[in-house]
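Participant: fold the following.
(3 chains)
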Amino acid sequence: MTTATALLLADLTGVAVFAASGASAAVVKRLDLFGVVFVGFVAALGGGIFRDLVIDEVPPLAFADWRYAVTAALTAAAVFWLHPQLARLRTAVLVLDAAGLGLFTVTGTLKALAADVPPVGAVLIGMLTAIGGGLGRDLLTGEIPVVLRREIYAVAALAGSIVVVALDYAGVTGPLPLVAAVVLIFGLRLVALRRRWSAPVPLVDDPGTGDTIRPSSERGGERRGV
Amino acid sequence: MTTATALLLADLTGVAVFAASGASAAVVKRLDLFGVVFVGFVAALGGGIFRDLVIDEVPPLAFADWRYAVTAALTAAAVFWLHPQLARLRTAVLVLDAAGLGLFTVTGTLKALAADVPPVGAVLIGMLTAIGGGLGRDLLTGEIPVVLRREIYAVAALAGSIVVVALDYAGVTGPLPLVAAVVLIFGLRLVALRRRWSAPVPLVDDPGTGDTIRPSSERGGERRGV
Amino acid sequence: MTTATALLLADLTGVAVFAASGASAAVVKRLDLFGVVFVGFVAALGGGIFRDLVIDEVPPLAFADWRYAVTAALTAAAVFWLHPQLARLRTAVLVLDAAGLGLFTVTGTLKALAADVPPVGAVLIGMLTAIGGGLGRDLLTGEIPVVLRREIYAVAALAGSIVVVALDYAGVTGPLPLVAAVVLIFGLRLVALRRRWSAPVPLVDDPGTGDTIRPSSERGGERRGV
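Facilitator: Model prediction:
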């Protein structure tokens, strides 16, 4: 297996996992078959479409290479029919999702750097590639995006994209450091899930007592998934 | 009347119908005059703006040709002032909307093919051109997009864009086959409306009984319109 | 201080104010630190990213010049920690927001004209540059965009962008007329705030009595802010 084939396989695995997450959210909202496939498509490919528009790679990969759209659609359709069985796979999906997060961040950051985007912009584009699909999924299903509310998710992507840009700046080349960045994001995300880490939430004034409290009910909650 | 004039008139009719659908949804939400016109603009031109960004035709037609924006704005403003009378035209609007769906799908697919987008991508872009405005309309008015929930709407567009790409692949040229594709989408949509066809919805576990049911209340319901 | 420096400072002030407005809306929704910074980023830079995509200036300024993203992120983080104190600054923020509205409209319109967008398109792009970030902020926080519902906000931007395009059409050059356009938008917005002007809302049928009424409760209400 060549490196290109390995990369494509890894990329399509990420697409499938994100499509499953989107389809699963759509099933919960009782969307119809088309809606489930569409939300799966957006969750899997929305971040990459945004990335490609921003770095002027048109048409975006999601439209230029049929394997991306077909992978997303087939996975989402499978979730539509199989979702009662998939509920048992929740842990597996969370682990694969963490892998997809790592992969999409690193490839997104690399593509931005290759398109001559300066460092800070490349960091942001890498992170947006990874979280953009989930944002689209949540907007389409009428939710405030979960990535803005809870847990370490985007922050893991951010840490990874900073590492990729720093490696590029330091002139480090070769696939190994990039694999390390994927593993870093993957590991951060898994540890955060396990320990129920979350980013701080703002202090709010309790309307009842006037006390300033940090609402515990908002922390470390469940995450929507298959 | 030349073909170009006929096409422009047909296109602007589609813009007007979609603007009416957006404005009508905005009136229901009691948005102000600006909000009604803005949602009408997005419903009429959002799909085309997305299409043009993706195929790198910039500035998008909605900004490059003033007749599009003006048609959308005037129609939406008319709905703002006349909507009590328009309620009686509900059937006419649904029929015109089906015509707009057919037209936007076919022109969107053709533009994608002309921009050298491969077949699967062109099918997707054609469909997104037709349903993108409605998605924007529903997101702006705080609804889960109706196209993801009910009835045969996007699927009719999808069928039509597949036909257009197949005709192109087979080397068929001339306006007649394209008109046939528009009519196909238009007809599919009207029959679906008439027979209350809808895409399948997922099986869900009834929280009360634990039985797996298909929720009948989600099927074949009303569609928001003027 | 050169003109370029003055313009950059003014631009970054607009970014900071819009970031504060986004962060403040996110704090109200109890998003976490990342969510507050992200919504601040979208509110400050979303309109400009849309503008740059539409006029094919890629990568968009928000990704090409690190000072924009850093200003937005630092301001939003400051709101996260300081928001109880900031509540007292509500009036100051509304005034600065009106200034940002004027500035973003004028620079957005000028950039569209410089990219050879025709007059009507340039007017629309200028207005969308100024209101796009607020639309993104409201969609991310699960609200129907406030700009579509109440008060004179987008309409002030629209009036200003029409003036800029008219000046360009008339061949008027130099910074002074542009400053006048900024001041016009700023003034319109402040007077509208002060007098609680709002755009008209549609007549609706009262479901209880069947009378056609104009709902008074929808008019001239509060505006979300720090």
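Participant: all strands of chain A, in order?
Facilitator: Secondary structure of chain A (DSSP state E): strands located at A:204-205, A:212-213.
Participant: compare the mean pLDDT across the ones you listed and name the weakest.
Facilitator: Of all those, the minimum mean pLDDT falls on strand A:212-213 (a mean of 44).
Participant: how about residue A:198: what's its closest non-neighbour residue?
Facilitator: residue A:151 (4.9 Å; C-beta to C-beta, 6 or more residues apart in numbering or on different chains). Using the backbone N, CA and C atoms, a C-beta is placed for each residue, glycine as well.
Participant: and for that neighbour, the neighbour number?
Facilitator: Per other C-beta atoms under 10 Å in any protein chain shown, the neighbour tally for residue A:151 reads 22.
Participant: so it makes contact with residue A:191?
Facilitator: No - between residue A:151 and residue A:191 there is no contact under C-beta atoms under 8 Å: 11.2 Å.
Participant: from residue C:35, how far off is residue A:198?
Facilitator: Distance of residue A:198 to residue C:35, computed by C-beta to C-beta, to the nearest Å: 11 Å.
Participant: same question for residue A:154.
Facilitator: In terms of C-beta to C-beta, residue A:154 sits 9 Å off from residue C:35.
Participant: do residue A:26 as well
Facilitator: Residue A:26 is 22 Å from residue C:35, by C-beta to C-beta.
Participant: neighbour count: those two, which is higher?
Facilitator: Taking other C-beta under 10 Å, residue A:26 and residue C:35 do not tie; residue A:26 has more neighbours (32 against 29).
Participant: contacting residues for that one?
Facilitator: For residue A:26, the contacting residues are A:35, A:36, A:38, A:39, A:40, A:76, A:137, A:140, A:141, B:148, by C-beta atoms under 8 Å, 6 or more residues apart in numbering or on different chains.
Participant: buried among those residues? Need that as a selection in PyMOL.
Facilitator: In PyMOL, this line selects whichever of the contacts of residue A:26 come out buried by 16 or more other C-beta atoms under 10 Å in any protein chain shown:
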select buried, (chain A and resi 35+36+38+39+40+76+137+140+141) or (chain B and resi 148)
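Participant: residue B:61: which of the contacts of residue A:26 is nearest?
Facilitator: Distance ranking of the contacts of residue A:26 against residue B:61, using C-beta to C-beta, places residue A:38 first at 24.2 Å.
Participant: that closest one touches residue B:148, doesn't it?
Facilitator: Yes - at 5.7 Å, residue A:38 and residue B:148 qualify as touching, with contact defined as C-beta under 8 Å.
Participant: what sits in contact with each of the two?
Facilitator: A:26, A:140.
Participant: find residues that contact each of residue A:151 and residue A:191.
Facilitator: Going by C-beta under 8 Å, 6+ apart, residues that sit against residue A:151 and also against residue A:191 are residue A:197.
Participant: okay, and the common contacts of residue A:154 and residue C:35?
Facilitator: What both residue A:154 and residue C:35 touch, as defined by C-beta under 8 Å, 6+ apart, is the set residue A:147.
Participant: about what we covered before: pLDDT added to the contacts of residue A:26, as a markdown table?
Facilitator: Listed next are the contacts of residue A:26 as a markdown table, based on pLDDT from 0 to 100:
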| residue | pLDDT |
| --- | --- |
| A:35 | 93 |
| A:36 | 94 |
| A:38 | 96 |
| A:39 | 95 |
| A:40 | 95 |
| A:76 | 95 |
| A:137 | 93 |
| A:140 | 94 |
| A:141 | 91 |
| B:148 | 88 |
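Participant: turn the contacts of residue A:26 into JSON lines, columns for distance to chain C.
Facilitator: Output for those, formatted as JSON lines (distance: C-beta to the nearest C-beta, whole Å):
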{"residue": "A:35", "distance to chain C": "19"}
{"residue": "A:36", "distance to chain C": "22"}
{"residue": "A:38", "distance to chain C": "18"}
{"residue": "A:39", "distance to chain C": "16"}
{"residue": "A:40", "distance to chain C": "21"}
{"residue": "A:76", "distance to chain C": "23"}
{"residue": "A:137", "distance to chain C": "13"}
{"residue": "A:140", "distance to chain C": "11"}
{"residue": "A:141", "distance to chain C": "11"}
{"residue": "B:148", "distance to chain C": "16"}
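Participant: so of the contacts of residue A:26, which ones are in helices?
Facilitator: A:35, A:36, A:38, A:39, A:40, A:76, A:137, A:140 (DSSP state H).
Participant: farthest pair within those residues?
Facilitator: A:76 and A:140 (12.5 Å).
Participant: common neighbours of the two, please.
Facilitator: Between them, residue A:76 and residue A:140 share the contacting residues A:26, A:39, judged by C-beta under 8 Å, 6+ apart.
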